[in-house]
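Asker: Task: produce atomic coordinates for the following.
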Amino acid sequence: MTSVINAVLPLFAMVLVGFAAMRFRLMGEAALSGLNTFVYFFALPVMLFFTMARAPILDLFDWRLIVAFSGTSVTIFVIALLGGTVLFRNTFQERAVIAGASSFGNIVYLGIPLAIASLGPAAGPPAGMIVVADNLIIISLTMFCMEAAAPGSISIPRLFAQVFRGFLRNPFMIAMLIGVVVGIVRIPIPEPVDRFGSLLGGAAGPCALFALGGSLYGRPIAEGKGEVGFAVVLKLALMPLLAWVASALLLDLPGETVALIVLIAGLPTGANIFVLATQYGVASARASTIVLVTTGIAVLSVSGILIYMGG
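Answerer: Modelled structure (predicted):
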């Protein structure tokens, strides 16, 4: 338990410090925007590239990892979508936002630093594989539902074009895929380049967590407490439980892989869903509230997961 506290509390403390910096006006929106730019375009892509490039990808790859996690996230998405139909009087697009918020976690900014700190460096590459799968599946699924309910006919070509453009604009995805290629081909990385990657990539974790905390300050608190509570329970309670069932009982994965999958499944909602909701002008305040509430509760729930899993 002491090891879990030592690993988890400093990370969430960094989120709290970022929140406090904005709350007490020690930094403004311009400074936070600059920090987010540094993290988004430089530090995290470099960290993800070197994480994948240094790893023996072919030796580490296990299709059961992707099936266990993605199967869980899609199941939660469907439960949220169907449950929203029964429980709440809202539109299909609103239900799609709640479903995305119930199944998409903050893996890049929080999950990867947390996984590496609590489970060791070997957790980095598998977590990176989950990032790729989660973005391709859940974000695409949410966008498909939003497009399907938009006025006019469903435009499949438009949907695929949006997803592809989003993929090309996402430095995380590009950096990881290039890193995978480098790792598979085993292209040697010169020592100065490797040291550069260690320096810049080393800033990714603390800066990402600080920026995450800063971005949580000032988010609007919405009505729709029932929908928010529904999403919070699905994301922080049911999703890690189903992930454990899928990975440990159904697919019989090794203990360290089960711990990683359950940990990532129990992460708070990722801000990408809020961005997507804002882009479509649907339930953005509710999405923002879910991000904020799940992040606050995750301090306890993620610690509990790690203690239970023996992290």
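
Asker: quick one: pLDDT of the residue nearest to Pro240 when sequence neighbours are not counted?
Answerer: Closest residue to Pro240 apart from its sequence neighbours, by C-beta to C-beta, 6 or more residues apart in numbering: Gly266 at 3.7 Å. C-beta here means a position set from N, CA and C on the backbone, and glycine is covered the same way. In the predicted model, Gly266 carries a pLDDT score of 94.

Asker: and the closest residue to Pro113 other than its chain neighbours, what does it touch?
Answerer: Excluding its sequence neighbours, the residue lying closest to Pro113 (C-beta to C-beta, 6+ apart) is Gly205, at 3.8 Å. Going by C-beta atoms under 8 Å, 6 or more residues apart in numbering, Gly205 touches Leu11, Met47, Ile112, Pro113, Ile116, Ala117.

Asker: so which of the residues you listed is the most crowded?
Answerer: Counting neighbours by other C-beta atoms under 10 Å, the top entry in these is Met47, with 29 neighbours.

Asker: That one and Ala204 touch, don't they?
Answerer: Yes: between Met47 and Ala204 there is a contact under C-beta atoms under 8 Å: 3.9 Å.

Asker: low-confidence ranges in the stretch 151-300 of the chain?
Answerer: Along the stretch 151-300 of the chain, the model assigns pLDDT under 70 to residues 151-156, 159, 162-163, 166-167, 220-223.

Asker: re earlier: spit out the contact partners of the residue nearest to Pro240.
Answerer: So Gly266 contacts Gly105, Leu236, Met239, Pro240, Ala243, Ala298, Ser301, Val302, Ile305 (C-beta under 8 Å, 6+ apart).

Asker: Likewise for Arg54?
Answerer: Contacts of Arg54 (C-beta under 8 Å, 6+ apart): Gly183, Ile189.

Asker: centre of the chain versus stretch 14-23, how much separation?
Answerer: Mean C-alpha position of stretch 14-23 versus that of the full chain (C-alpha atoms, centre = their mean, to the nearest Å) differs by 20 Å.

Asker: returning to that earlier point: tell me the first helix or strand C-terminal of the helix or strand hosting the residue nearest to Pro113.
Answerer: In this assignment (DSSP states H and E), Gly205 forms part of helix 204-216. As assigned by DSSP H and E, the chain's next helix or strand after helix 204-216 is helix 225-233.

Asker: Return the distance of the helix or strand following that following helix from the chain's centre.
Answerer: Per DSSP H and E, the first helix or strand lying C-terminal to helix 225-233 is helix 239-244. Centroid displacement of helix 239-244 relative to its chain, using C-alpha atoms, centre = their mean, is 15 Å.

Asker: Alpha carbons of the very next helix or strand once past helix 239-244, as PDB, please.
Answerer: Moving toward the C-terminus from helix 239-244, the first helix or strand encountered (DSSP H and E) is helix 255-265. Listed next in PDB are the C-alpha coordinates belonging to helix 255-265 (Å, rounded to 0.1, in the frame of the first residue of the first chain):
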ATOM      1  CA  GLY A 255      -1.000 -10.600 -13.800                       C
ATOM      2  CA  GLU A 256       1.000  -7.500 -14.800                       C
ATOM      3  CA  THR A 257      -1.000  -7.100 -18.000                       C
ATOM      4  CA  VAL A 258      -4.300  -7.500 -16.100                       C
ATOM      5  CA  ALA A 259      -3.100  -4.800 -13.700                       C
ATOM      6  CA  LEU A 260      -2.300  -2.400 -16.600                       C
ATOM      7  CA  ILE A 261      -5.600  -3.000 -18.400                       C
ATOM      8  CA  VAL A 262      -7.700  -2.500 -15.200                       C
ATOM      9  CA  LEU A 263      -5.700   0.600 -14.300                       C
ATOM     10  CA  ILE A 264      -6.200   2.200 -17.600                       C
ATOM     11  CA  ALA A 265      -9.900   1.200 -17.700                       C
END
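
Asker: Give the buried residues for whichever strand or helix holds Phe50.
Answerer: Per DSSP H and E, Phe50 falls inside helix 44-53. By neighbour count with 16 or more other C-beta atoms under 10 Å, helix 44-53 contains the buried residues Leu44, Pro45, Val46, Met47, Leu48, Phe49, Phe50, Thr51, Met52, Ala53.
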